[in-house]
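Chemist: no sequence for this one, just the structure:
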């Protein structure tokens, strides 16, 4: 199974939110293939570089670069040749969709209302983290 985890899910996994944390743990255990792109990794780096996260990471002895590099090593990194205009309220979400298409993802996992409200994009379901965990558990 191939999944694209939206940046908000990855950030939530670092702050201890249960379902997102379990998803990243499942990716590390090779329960699914985590898919991402350099654009999504750059977005994650920008978000984690914000002062609120930087302090937390420093206190935990972690670096933004180290976390992003670890994720890059864990994931299948794809390069979408184009990005659709599909999410009018948040163009950054279009990069999530493009990544999923190029990676032939089985699902997109997000906590972002703009994506969740789409339900699916070009046949790729858009799931909340708990829904993705349930699919991983059942192998569907």
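Modeler: Cool, the structure landed. For clarity, every value in this text was computed on a predicted model and none was experimentally measured. Residues are numbered from 1 along each chain as shown.
Chemist: Determine which residue of this protein is most distant from the centre point.
Modeler: When each C-alpha in the chain is compared with the mean C-alpha position (Cα atoms, centre = their mean), residue 59 comes out farthest, at 23.9 Å.
Chemist: next helix or strand past the worst-scoring helix or strand of the chain on mean pLDDT?
Modeler: Within the chain, no helix or strand scores below helix 51-59, which has a mean of 83 by mean pLDDT, DSSP states H and E. For helix 51-59, the following helix or strand on the C-terminal side (DSSP states H and E) is helix 64-74.
Chemist: Which other helices and strands does that following helix contact?
Modeler: strand 33-37, helix 38-48, helix 51-59 (3 or more Cβ pairs under 8 Å, 6 or more residues apart in numbering; DSSP states H and E). For glycine as for every other residue, the C-beta is placed from the backbone atoms N, C-alpha and C.
Chemist: So for the last one, what gets flagged as buried?
Modeler: By neighbour count with 16 or more other Cβ atoms under 10 Å, helix 51-59 contains the buried residues 53, 57.
Chemist: quick one: buried residues of the helix or strand hosting residue 25?
Modeler: Assigned by DSSP H and E, residue 25 falls within helix 18-28. Neighbour-count burial for helix 18-28, counted by 16+ other Cβ under 10 Å, picks out 19-24, 26-27.
Chemist: low-scoring pLDDT stretches of this structure, where are they?
Modeler: 17, 88, 140 (pLDDT under 70).
Chemist: Neighbours of the closest residue to residue 64 other than its chain neighbours, how many?
Modeler: Nearest non-adjacent residue to residue 64, counting by Cβ to Cβ, 6 or more residues apart in numbering: residue 48, 4.5 Å away. Applying the criterion other Cβ atoms under 10 Å, we find 22 residues in the vicinity of residue 48.
Chemist: Any idea what residue 34 is bridged to?
Modeler: Beta bridges link residue 34 to residue 3 when assigned by DSSP bridges.
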